[in-house]
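>>> sharing a sequence plus its predicted fold:
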Amino acid sequence: MVRKLLVIGLDCVPPNLLYKEFKEELPNISMLLDDGYKAEMKTTNPPITIPAWAVMTTGKSPGELGIYGFRHRIKGKYNDFYIVNSRYIKTPAIWDVIGRKDLKSIVVGVPPSYPPKPIKGYMVSGFITPGPESRYTFPITLKRTLEKNFGKYIFDVVYRSEDKDRIVEELWKMTIQHFKIYSYLASKDWWTLMMFVEIGTDRVHHAFWGYMDKEHHKYTPGNKYEKIIEEYYKLVDEKIGELLKNVPKDTVISIVSDHGAKRMKGAFVINQWMIKEGYMKLQKSVGQGTELKDAPVDWKNTLAWGWGGYYARIFLNVKGREPYGIIEPEDYEHYRDELKEKIQRIRGPNGEEWKTKVYRPEELYPVVRGDPPDLIVYFDDLYWRSAGTLGWPTMYLKENDRGPDDAVHDWIGVFTLYDPENTVDRKEKRVDIQDISKIYLETILGETDG
Amino acid sequence: MNGEYTTVSIPKPLYERIKNIIKDTGFTSVSSFVIYVLREVVASYEQEKIEVFSEEEKKAIIEKLRKLGYI
C-alpha cells in the first residue's frame, strides 16, 4: 500500500537542541518525537548543505554525484570556479523514482534545486535561486499562483551583519511566508511525497549561536539575544502544528536535518600557513583580508594553496594540470602525503592539540567524479573554519574573515519518523544520511525495487 | 511549416478543453496550440543549452555565499 510521506527538512538542526534542550517548549515536534522514532543522523563528507541534501535525496555519495560543496574549481584554473546547480545532479531523486510509478510530489527549497527540473507534481527551488524574478517553479504557472497569494518569494536571509534586530525581523518574515506556502501546497490532495527544507534554522544558528552557547567565546550572560534561537524553534514548532492540520491524518511525518551545528572557535588562515611553511609565495605583501584572487601569488614558486569555508580544500600546483604547475606528476603523491601529515599536526593558537582531519577524496568515496580538491581538511574536527583570505596579523582569527559568524557545522543531525498507524519498527540509534532515501522509498512504497 | 512530425496522444477530454480555449484566437488547431505551448515550456527547462546563471547573477550569488560563510 502506498503511504503519504511529509518530510520536514530543517537545515543545520543538531540533536541536542531538538531532542533535548528545546524539546519541552516544542509541543508539536515533541508529539512526533514521543510517539515516533528518532535517531542521530550521520551526515556526509563534507558536512555541507548542498552535497548533504543531494546525498539524502539520491542515496549516492558526494563522490558518485561529483558534488563537494557550493562551488567547484574549474580544472586547471587558479581562481575560476562554477556554482553547483540542479543540473549537476545526474541521479534520480526520490521524487523522480516515485514519479515513474505515477506518484506525485511537492518539493520546496531542497538544495540544489535551481533551475527547477521537470517533476510529476510541483517544484519550488531553494536559496541559491538568483531572485524572485527567476523561473523558480515547475510548472512555471505555480510561481504566479504563489506570488498572487503570498507575495514575492523570500529565498533567504543574508545574515552576516551586526544588525541583529533586522536579521530577526527578516528571519521571522521569511519563515512565516514559507510555512504559509507549505500549508497551502500541503492542502492539495494529489501528492504522495511532500518535502521542504527550511533554511531559517541554519541562518539563526550562524547568526546567534554565540549569544546562546555558554561555552562560546562571545557569550555574555543575560544578553539580549540569548533566547533567539529557542524562540525561533518555537516559531517553527507552532508553524509545524498549523501545517499538520492541512495534512491527512494517516500521513507519515519525518523531520530531518542535513548536518548539525556547534560553536565556532575561530577561522584558520590557510594560505598564510602555506606561505609560512614555504608552499606558497607572494610577489609582494598584501593588505588585511585580501582575497586570494586579488593577491599577487608567485605561481611559478607555489606548490599548493587552499580555499576557505566550513572546511578547507587544498589544491596542488601540478605541472601539466595547472598553468604554472611546478610539481612533477610523479611527485604528486609525495607532496600530497607531506601536506596531509603537516596539516594534521597544526596546533591551535595556544599550542593546544587539534583534532584536524585530512583526507584524500579517494579515501572517502568509492568513486570520485567531478572536480574534487586534492585534499579535504577539517580543522580541529570542524571547530575552526578555513579562511581563504590573506594579509592578517595572525593565522588564528577569532571571527570569520567574512564577518561575524557564531557557528560551524557538525557531523550529527536529526532524523525522525512518525507514523500515526504505528508501523515504524526501527531500532538503530544512528542513521547514515546516504540510507535515508531508501528509508523514505520503503515508507512510501512499502518496499524498494532496488 | 517544414520538418518531420510524429504523433503524441493526449486524452480526449484535454483535447476538447484546448479546442474550447483556442476558439476565436490565433490558433487554428489544437496541434498548433500544443506545439506553441510545449516549445515555450521545453526551451525554459532544456538542459545544457542555456547558462543557468548570468554573469551578474553569478556575482551576486558568490557575494551571498561569501556573506553566508560558505566561501
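Cool, the structure landed.
>>> spell out which parts of chain B neighbour chain A.
By CB under 8 Å from any CB of the partner chain, the part of chain B that sits against chain A consists of B:41, B:44-45, B:47-48, B:52-54, B:57-58, B:60-62, B:64-71. Heads up, the C-betas are built off the backbone N, CA and C, glycines and all.
>>> what subset of the residues you listed is buried?
B:52-53, B:57-58, B:61-62, B:64-71 (16 or more other CB atoms under 10 Å in any protein chain shown).
>>> list the contacts for A:L65?
Counting by CB atoms under 8 Å, 6 or more residues apart in numbering or on different chains, A:L65 makes contact with A:P51, A:A54, A:V55, A:T58, A:Y88, A:I89, A:K90, A:T91, A:R369, A:G370.
>>> how about JSON lines for those residues, with secondary structure, pLDDT and neighbour count added?
Conversion of the contacts of A:L65 to JSON lines gives the following (DSSP: H, G, I helix; E, B strand; the rest coil; pLDDT from 0 to 100; neighbours: other CB atoms under 10 Å in any protein chain shown):
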{"residue": "A:P51", "secondary structure": "helix", "pLDDT": "98", "neighbour count": "28"}
{"residue": "A:A54", "secondary structure": "helix", "pLDDT": "98", "neighbour count": "25"}
{"residue": "A:V55", "secondary structure": "helix", "pLDDT": "98", "neighbour count": "26"}
{"residue": "A:T58", "secondary structure": "helix", "pLDDT": "98", "neighbour count": "21"}
{"residue": "A:Y88", "secondary structure": "helix", "pLDDT": "92", "neighbour count": "18"}
{"residue": "A:I89", "secondary structure": "coil", "pLDDT": "94", "neighbour count": "21"}
{"residue": "A:K90", "secondary structure": "coil", "pLDDT": "92", "neighbour count": "11"}
{"residue": "A:T91", "secondary structure": "coil", "pLDDT": "95", "neighbour count": "14"}
{"residue": "A:R369", "secondary structure": "coil", "pLDDT": "97", "neighbour count": "18"}
{"residue": "A:G370", "secondary structure": "coil", "pLDDT": "96", "neighbour count": "16"}
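>>> which of those are close to chain B?
Of the contacts of A:L65, not one also sits near chain B (CB under 8 Å from any CB).
>>> so for the host helix or strand of A:Q272, what gets flagged as buried?
Per DSSP states H and E: A:Q272 is located in helix A:270-276. Within helix A:270-276, the residues scored as buried using 16+ other CB under 10 Å are A:I270, A:N271, A:Q272, A:W273, A:M274, A:I275.
>>> equivalent analysis for stretch A:246-254, please.
For stretch A:246-254, by 16+ other CB under 10 Å, it's A:V247, A:T251, A:V252, A:I253, A:S254.
>>> remind me which residues of chain B are low pLDDT?
B:1-2, B:47-50 (pLDDT under 70).
>>> tell me the centre residue of it?
Nearest to the mean C-alpha position of chain B, by CA atoms, centre = their mean, lies B:V41 at 1.1 Å.
>>> is that residue in a helix, a strand, or coil?
Per DSSP: H, G, I helix; E, B strand; the rest coil, the local secondary structure of B:V41 is helix.
>>> again with A:Y219
Taking three-state DSSP, the label given to A:Y219 is coil.
>>> what about A:I439, how many neighbours?
20 (other CB atoms under 10 Å in any protein chain shown).
>>> quick one: it from A:V256, how far?
10 Å (CB to CB, to the nearest Å).
>>> just to revisit the earlier point, out of the buried ones among the residues of chain B next to chain A, which sit inside helices?
Among those, the members falling in helices (DSSP state H) are B:E57, B:K58, B:I61, B:I62, B:K64, B:L65, B:R66, B:K67.
>>> now distance to A:F22 too, for the residues you listed, in a markdown table please.
Formatted as a markdown table, those follow (distance: CB to CB, whole Å):
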| residue | distance to A:F22 |
| --- | --- |
| B:E57 | 37 |
| B:K58 | 38 |
| B:I61 | 32 |
| B:I62 | 34 |
| B:K64 | 28 |
| B:L65 | 29 |
| B:R66 | 30 |
| B:K67 | 27 |
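>>> quick check: of these, which lies closest to A:L17?
B:K67 (23.9 Å; CB to CB).
>>> centre of the chain versus the helix or strand hosting A:R313, how much separation?
A:R313 is part of strand A:312-316, with elements assigned from DSSP H and E. Chain-centre distance of strand A:312-316: 19 Å, with CA atoms, centre = their mean, to the nearest Å.
>>> strands paired with that strand, and their directions?
Each strand paired with strand A:312-316, and its direction, by DSSP bridges: strand A:304-307 (antiparallel), strand A:375-378 (antiparallel).
>>> format those strands as a markdown table; extra columns: mean pLDDT.
Formatted as a markdown table, the strands paired with strand A:312-316 follow (pLDDT from 0 to 100):
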| stretch | mean pLDDT |
| --- | --- |
| strand A:304-307 | 98 |
| strand A:375-378 | 98 |
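>>> now render the ones you listed as TSV, adding distance to A:V358.
Output for the strands paired with strand A:312-316, formatted as TSV (distance: least, CB to CB, whole Å):
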stretch	distance to A:V358
strand A:304-307	11
strand A:375-378	5
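>>> can you redo these as a markdown table with mean neighbour count?
Listed next are the strands paired with strand A:312-316 as a markdown table, based on neighbours: other CB atoms under 10 Å in any protein chain shown:
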| stretch | mean neighbour count |
| --- | --- |
| strand A:304-307 | 24 |
| strand A:375-378 | 23 |
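>>> out of these, which is closest to A:G9?
Closest approach to A:G9 among these is made by strand A:375-378 (23.6 Å; CB to CB).
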